[in-house]
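>>> Got a predicted model here, sequence first, then my questions.
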Amino acid sequence: MNFKKELAALLSTSLDNEIPASELELLIEKPKSEVHGDLAFPCFFLAKTKRKSPNVIAEELSKKIASPIFEKIEVIGAYVNIFLNKQTVAQKLITDILQKKESYGALDLGEGGKVTIDMSSPNIAKPFSMGHLRSTVIGNSLALIADKCNYYPLKINHLGDWGTQFGKLITAYKLWGEAEQVRKNPIKELLALYIKFHEEAQTDPSLVEEGRKWFKRLEEGDAEALTLWQWFRDESLTEFSRIYELMNVQFDSFAGEAFYNDKMDPVVKLLEEKQLLVESDQALVVELTEEQLPPCLIKKSDGATLYATRDLAAAIYRKENYDFKKSLYVVGHEQSLHFKQLIAVLDKMGYGWAQQMDHVPFGMMLKDGKKMSTRKGKVILLEEVLNESISMARQNIEEKNPNLLYKDEVARQVGVGAVIFHDLKNHRMNDIEFSLEEMLRFEGETGPYVQYTYARACSILRKGQWQSELSAEINHDSWDKEWKVISYLMEFPNTIKRAFENLDPSQVAKYVIDLAQAFNKYYGEVKILEESAEQQAKLALTASVTIVLKEGLRLLGLEAPEEM
């Protein structure tokens, strides 16, 4: 079914096997305009070795390659343009999709190897804000895409459950907190205390020092500090798990920063043994001058360890316990320097596997063009956004399809899906402006639009009494009107490959939008349900679209309701 692979093999043979087919396959393009065919091979790079003009090489190659799946070969300048045989390809492709169902597009890039994905990682005792949505949904989608590529994904929620902010929070609780109020509404109360601490600290610097002292006590295992910390952590996890359940996101590990407390000293000792630690302003650092990076701070002058120490311990722990083939860190782009330093230090320690680690950066979630800040109280709560989105979806259903069964379930699928899709349709490095109205539109490039297209296609199959066992009857005089849809269906495996290689779920999101638009255009032009000799072929194509749309949405973490 890989027509690029087939063309690459023919080209390699025609070039006397001087260039491997795998290399040539990477050069084959999809022409921007369909008038130039379905596949195109540029010959510029061959001019030097062949000592001929690229146009002449293109002419020569066009005469040497032939296959039953090629309808026509055309040369335009230095390009060999291939027009596929619509009849052969359509029948092969639709049969393949109907047989493989949701496993269509599966690849074996990972060969079963493990990939750890450090994602979501909200801070304990702070609300789960829209700011944490990006890491959660990008990480979850990458895990699903990795699984589709035969990796074994392990999702790790590296909770922010340690650090000086807990000293500040304990200080604030001791000064102004009331146990009963915190029990009633834990996160709201703890957030209010955290904000009050920062407001008061602007005029009373002694609070910051008090916060440091409480964190030091926590690090040293002080009973009161530990009890309060554990209470804040438990309450937060209860709240977080409710939100994860709403989004259908699960984790393999909740080992946060605190988990690595007893694993940092061995790392510091190891760095000492390898003579990598240098004293600088009474702190301990690893110099990274050769790597053209600033020094990596390992231990502060007061002996407190840092993020870098903890992340070194976490990376070593994960390699030893999971033996990952790849390790991904889905963390905002402002941490790019930190991860470059982390990988460089591990490299210096002699860990070659550090090169299997990748930082997956992303842009910010903005409100009115500004970053959301918990510290200043400028925060939009994710749970409130999800509930509002579900409520708007429910209202939409009441207006457009009041007799729909399972309204609440469909409203959840559409409402939650709208929020997730709005994030993932953007390239991860782009900043995103928060807009609930934009997310829930049923037109344009939105989750509800793709879900609605899927539901419409399912409705057509029900009305046409489609039965997949009749799929042998894929006869059609001409596939011209269907060809745009078929071209997109062909592209699904390549899209998954690109999405994983570029660690970019937006490739899949853009793909399902394109496929949905192509199918809706086809549906508008062709009477699918009209009784004719081609009806089964049209229904078979529609069934293929439902399989691929549903699978594409799943890879983004969205569900696909069959009725809306």
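That came through fine. Residues are numbered from 1 along each chain as shown.
>>> Please report the distance of the residue sitting nearest the centre point of the chain from residue 383.
Using C-alpha atoms, centre = their mean, the residue of the chain that lies closest to the mean C-alpha position is residue 138, 3.1 Å off. Relative to residue 383, residue 138 is positioned 19 Å away (C-beta to C-beta, to the nearest Å). To be clear about C-beta, it is placed using only N, CA and C from the backbone, and glycine gets the same treatment.
>>> Residue 312 too?
From residue 312 over to residue 383 (counting by C-beta to C-beta), the distance is 34 Å.
>>> higher neighbour count, those two?
The neighbour count for residue 312 versus residue 383, taken as other C-beta atoms under 10 Å, is higher for residue 312 (28 against 17).
>>> Next, the contact list for that one, please.
264, 267, 342, 345, 346 (C-beta atoms under 8 Å, 6 or more residues apart in numbering).
>>> Likewise for residue 239?
So residue 239 contacts 127, 128, 186, 187, 383 (C-beta under 8 Å, 6+ apart).
>>> Point out where the stretch 301-450 of the chain drops to low pLDDT.
303-305, 372-378 (pLDDT under 70).
>>> for it, what spans make up the helices?
307-322, 336-348, 382-400, 407-424, 436-439, 447-463 (DSSP state H, counting those that start in this stretch).
>>> Export those to TSV and append columns for distance to residue 108.
Below are the helices of the stretch 301-450 of the chain laid out as TSV (distance: least, C-beta to C-beta, whole Å):
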stretch	distance to residue 108
helix 307-322	20
helix 336-348	27
helix 382-400	36
helix 407-424	24
helix 436-439	35
helix 447-463	27
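>>> among the contacts of residue 239, which are in helices?
Using DSSP state H, the subset of these located in helices is 186, 187, 383.
>>> Can you tell me which of these is closest to residue 359?
Nearest to residue 359 among these: residue 383, at 28.0 Å, using C-beta to C-beta.
>>> nearest residue to that closest one other than its sequence neighbours?
residue 243 (5.1 Å; C-beta to C-beta, 6 or more residues apart in numbering).
>>> you'd agree the one you found is in a helix?
Yes: membership of residue 243 in a helix is supported by DSSP: H, G, I helix; E, B strand; the rest coil.
>>> now the contacts of residue 312 as TSV including distance to residue 222?
Shown next, in TSV, are the contacts of residue 312 (distance: C-beta to C-beta, whole Å):
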residue	distance to residue 222
264	18
267	24
342	30
345	31
346	32
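>>> Top of the residues you listed by number of neighbours, please.
Going by other C-beta under 10 Å, residue 345 tops the contacts of residue 312 with 26 neighbours.
>>> my guess is that one meets residue 296, correct?
Yes: taking C-beta atoms under 8 Å as the definition, residue 345 is a contact partner of residue 296 at 5.3 Å.
>>> Give the intersection of the neighbour lists for the two.
286, 288, 308.
>>> Tell me the buried residues in stretch 516-530?
By 16 or more other C-beta atoms under 10 Å, the buried positions in stretch 516-530 come out as 516, 517, 518, 519, 520, 522, 523, 528.
>>> next one: phi and psi at the residue nearest to residue 381 when sequence neighbours are not counted?
Once flanking residues are discounted, residue 381 sits nearest to residue 127: 5.2 Å by C-beta to C-beta, 6+ apart. Per-residue torsions, residue 127: phi -70, psi 150 (degrees, to the nearest 10).
>>> Using CSV, write down the CA coordinates of stretch 153-170.
Presented in CSV, the C-alpha positions along stretch 153-170 are these (Å, rounded to 0.1, in the frame of the first residue of the first chain):
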residue,chain,number,x,y,z
PRO,A,153,4.8,4.6,26.0
LEU,A,154,5.2,5.3,29.8
LYS,A,155,3.5,8.5,30.9
ILE,A,156,5.1,10.1,33.9
ASN,A,157,3.4,12.9,35.8
HIS,A,158,6.5,14.6,37.4
LEU,A,159,4.4,16.5,40.0
GLY,A,160,5.7,19.8,41.3
ASP,A,161,5.5,18.6,44.9
TRP,A,162,8.7,20.0,46.3
GLY,A,163,10.6,23.3,46.4
THR,A,164,10.7,26.6,48.2
GLN,A,165,7.1,27.4,47.3
PHE,A,166,6.1,24.8,50.0
GLY,A,167,8.1,26.8,52.6
LYS,A,168,6.1,29.9,51.5
LEU,A,169,2.8,28.0,51.6
ILE,A,170,3.5,26.5,55.0
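>>> Number of residues surrounding residue 349?
With other C-beta under 10 Å as criterion, residue 349 counts 18.
>>> my read: it touches residue 274, true?
Yes: using C-beta under 8 Å, residue 349 is in contact with residue 274, at 5.9 Å.
>>> Rounded mean pLDDT for the helix or strand containing residue 227, please.
Assignment of secondary structure by DSSP states H and E places residue 227 within helix 223-247. Averaged over helix 223-247, pLDDT sits at 94.
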